[in-house]
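J.: The following comprises the amino acid sequence and a computationally predicted model.
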Amino acid sequence: MKKEKLVELIHKEIDGTNSKAESRKLFTVLENDPEAEKLYRDLLSLANEMKQMPRVDPPSYLFSHIMNQVRAQQAGIHNHHSINLFKEVLMVTNKIFTGKKVAVLLGGAVVAVLAIVYFTAIYPPADTQDAVGTIGIERAERYRAEQMTTEEVILENEHYQQILQSDAFQKLAGSDWFRDLARDDRALAVFRDEHVVAIFRDENLLSAFRDDNMLAAMRDENLVNAFRDDNMIAAMRDQNMIAAMRDNNVIAAFRDDKMLAAFRDNNLIAALRDENIVSALRDENLIAALRDETMVQALRDENLASVMRDDKFVSVFRDENLVNALRDEHLVAALRDDAVVAAFRDPNVLAAMRDNNLVSALRDENIVAALRDQTLVSALRDNAILAAFRDDNIVAAMRDQNLLAALRDDNVIAALRDENIVAAFRDQNMLSLYRDNNFVSFMRDANIFQVARDQMHLQQF
Amino acid sequence: MSTHEKCDTSLADNQHEATDAEIILRCRKGDAEAYGTIVLKYQKPIYNIVYRMVLDTDDAADITQSAFIKAYEKLDRYKTEYPFYSWIHKIAVNEALNFVKQRQRLVGLEDMHESDYEDPETEYTRNELEHRIDRAIAKLAPENGVIIILRHFGELSYREISEILDIPEKTVKSRLFSARQALRSFLQ
């Protein structure tokens, strides 16, 4: 018998797993192999010694400790996840306030607990009735957060105990939404992300999070759920997005109650969770536009905010073609233009943006393609054109295929920038005329434009 | 039939499995008290295994407590077609292994082998043989030591150990056999 097989049979005999035949075979060999026989005897003796070692009774308190925790958890009073989450948050704040005094660290911790929780978070308000009771910091908790290392020193000190036992923390820990958050691996991963940590280093942003309007918005269940969306979480971790979040103008917009009201709207939130929209929001050019002061001013406009909440408008922005258009650097540059921004704030333009015809036009492939056309975009920044765009008839005409094709023509664009042409465009007769195929074809003729741009000819026309 | 299945406190026979599944279903429906039956049934075997791994009564109690709470929190993930004992053992063993590895990193392997892992009160009451065996097991790699403990103190079969550690039965046997021989040489 090979040595390996013999050793295996010895071990199996000790474990009582040999068949009768295997046992007989083993003992026959052992009779003639003193070395193997000694191994068997030693191992058997060791096994017997271990078997005779006394089994230890668990401490009498163990059962009640476990059951107390189970009952408390069931009642929603105590949740170890809350403590773990708190530890996570404290770790984050430790990174944020590194080098500052402990008092600052802990002060910051409280702010960050609220800020991070509200930020990612899950609202429904904490039930103060459930917050009664004590957080039992039982010893077992320290095995629950394996990532704790040197920083645990901070958590073990008296300040940690004070915070854990504070009313504020108990309210947090006792609430369903906090427990849900603590169980959400994705949310926890966000807390650990260095870019997200960087956000919370920003004093302006932290201050914004303490703003009543912001806090009120962050308590909105829909918004909170939007922030738990995978797309949104990915966006939140995007460097461009994070840079935007730290921008003073953006922060100002976030603190604006009209803007926040818009962001609490279900339609807009649905758009925010849309993969295409989120992807556009992460685009460097668009982010740059969102950080532009004039753009932010426009976004804070009551009328615009109300448009942003309109489901038709929102549905436009969920259109893949349009989203792609929004990522075009030329279009984005146009969006940042003072004149365009001013137009956005014009009640007529805003009303037009909610118009079914325009909305449907904006989703039209040709229009979208036109919106990305550099010359057209440049024309769009022209005050006269913008004025024309506020005209109802123009808006209706905008949906005409021929016109749309014409709109992409450089010559047409050049003409479109002419104030007189624009004035003419607003004329009812003209509007019906330029929807005519022949006229469109005529309009695309370069020579015609020389004529058309002549004021005298235009007047006669 | 495995050694584990043969013992009086068998956790794996069909009747117990069915009972465990029923209890778990009650817990899932919000009956927290039902979990007490599970705790009473398994706290001693779990505590003993954990104790042999960490060799400290307080740490063993903490880890056992943590394992039961973790199991309770994750009850919705437990599949009732599998034995509960295997699941709770798996959670407890992982907790204890993490603890042992973390302690090894913090204390240093050599220092720990000498005396740091025992509290004086526990040491005082134990006989010399027990002390020697515990020290010898602690010298093994944690992954091998746990197999010795599960086999000889938990009285679990190869199959049960393989389920708990998520390794093939063949690996269980090879690790167990070599660990046992290493133990023998440590004790000589």
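T.: Structure received.
J.: Identify the residue spatially nearest to A:T17, adjacent ones excluded.
T.: Spatial nearest neighbour of A:T17, excluding adjacent residues (C-beta to C-beta, 6 or more residues apart in numbering or on different chains): B:Y158 at 7.3 Å. C-beta here means a position set from N, CA and C on the backbone, and glycine is covered the same way.
J.: The one you found: what's it in contact with?
T.: A:D15, A:T17, B:S2, B:E169, B:V172, B:K173, B:L176 (C-beta atoms under 8 Å, 6 or more residues apart in numbering or on different chains).
J.: Quick check on the residues you listed: which are buried?
T.: When those are checked for burial by 16 or more other C-beta atoms under 10 Å in any protein chain shown, the buried set is A:D15, B:S2, B:V172, B:K173, B:L176.
J.: Mark which of those are part of helices, please.
T.: A:D15, B:V172, B:K173, B:L176 (DSSP state H).
J.: Among the residues you listed, which one sits closest to A:A261?
T.: B:V172 (62.1 Å; C-beta to C-beta).
J.: hang on, that closest one packs against B:I147?
T.: Yes: B:V172 is within contact range of B:I147, at 6.3 Å (criterion: C-beta atoms under 8 Å).
J.: And for whichever residue of the stretch 351-461 of chain A sits closest to chain B, the neighbour number?
T.: In the stretch 351-461 of chain A, the residue that lies nearest chain B is A:R363 (43.0 Å; C-beta to the nearest C-beta). By other C-beta atoms under 10 Å in any protein chain shown, 17 other residues sit near A:R363.
J.: Give me the phi and psi for it.
T.: Backbone torsions for A:R363, taken as degrees, to the nearest 10, come to phi -90, psi 0.
J.: List the contacts of the closest residue to it other than its chain neighbours.
T.: Leaving aside its sequence neighbours, A:R363 sits nearest to A:D319 (C-beta to C-beta, 6+ apart; 4.8 Å). Going by C-beta under 8 Å, 6+ apart, A:D319 touches A:N276, A:L362, A:R363, A:V368.
J.: Make CSV from those residues and add pLDDT and distance to A:S306 to it.
T.: Listed next are the contacts of A:D319 as CSV, based on pLDDT from 0 to 100; distance: C-beta to C-beta, whole Å:
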residue, pLDDT, distance to A:S306
A:N276, 80, 23
A:L362, 77, 18
A:R363, 75, 21
A:V368, 76, 24
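J.: CSV for those, including secondary structure?
T.: Converted to CSV, the contacts of A:D319 look like this (DSSP: H, G, I helix; E, B strand; the rest coil):
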residue, secondary structure
A:N276, helix
A:L362, helix
A:R363, coil
A:V368, helix
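J.: helix or strand for the residue most central in space within chain B, which one?
T.: Geometric centre of chain B, nearest residue: B:I49, 3.6 Å, by C-alpha atoms, centre = their mean. B:I49 is part of helix B:35-54, with elements assigned from DSSP states H and E.
J.: following that helix, which helix or strand shows up next?
T.: Trace forward from helix B:35-54 with DSSP H and E and the next one is helix B:57-73.
J.: Least confident secondary structure element in chain A?
T.: helix A:152-156 (a mean of 37; mean pLDDT, DSSP states H and E).
J.: helices and strands around the single longest helix found in chain B, which ones?
T.: Counting by DSSP H, the longest helix found in chain B is helix B:84-107. Judged by 3 or more C-beta pairs under 8 Å, 6 or more residues apart in numbering or on different chains; DSSP states H and E, the packing partners of helix B:84-107 are helix B:14-28, helix B:35-54, helix B:57-73, helix B:142-152, helix B:158-165.
J.: my guess is A:F63 meets B:Q43, correct?
T.: Yes: the pair formed by A:F63 and B:Q43 meets the contact definition of C-beta under 8 Å, at 6.3 Å.
J.: These two - which one has more neighbours?
T.: Set A:F63 next to B:Q43 and count neighbours by other C-beta under 10 Å: B:Q43 wins out with 22 against 16.
J.: show me what contacts the closest residue to the more buried one other than its chain neighbours?
T.: Once flanking residues are discounted, B:Q43 sits nearest to A:P58: 5.2 Å by C-beta to C-beta, 6+ apart. By C-beta under 8 Å, 6+ apart, the contact list for A:P58 reads B:Q43, B:K44, B:Y47, B:A60, B:A61, B:T64.
J.: what secondary structure does A:P58 sit in?
T.: coil.
J.: Would you list the phi and psi of it?
T.: phi -70, psi 150.
J.: Could you find which two of the contacts of A:D319 are furthest from each other?
T.: Farthest pair in those, by C-beta to C-beta: A:N276 and A:L362, 14.6 Å.
J.: Mind checking which of those two has more residues around it?
T.: A:L362 (22 against 19).
J.: quick one on the thing from earlier: want to throw the ones in helices among the buried ones among the contacts of B:Y158 into JSON lines with pLDDT?
T.: As requested, these are exported to JSON lines (pLDDT from 0 to 100):
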{"residue": "A:D15", "pLDDT": "93"}
{"residue": "B:V172", "pLDDT": "95"}
{"residue": "B:K173", "pLDDT": "94"}
{"residue": "B:L176", "pLDDT": "95"}
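J.: can I get those residues in JSON lines with distance to B:G30?
T.: Putting those into JSON lines (distance: C-beta to C-beta, whole Å) gives the following:
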{"residue": "A:D15", "distance to B:G30": "42"}
{"residue": "B:V172", "distance to B:G30": "38"}
{"residue": "B:K173", "distance to B:G30": "43"}
{"residue": "B:L176", "distance to B:G30": "41"}
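J.: Out of the residues you listed, which is nearest to A:M295?
T.: Of those, the one sitting nearest to A:M295 (C-beta to C-beta) turns out to be B:V172, at 64.7 Å.
J.: separation between the closest one and B:R105?
T.: Distance of B:V172 to B:R105, given as C-beta to C-beta, to the nearest Å: 26 Å.
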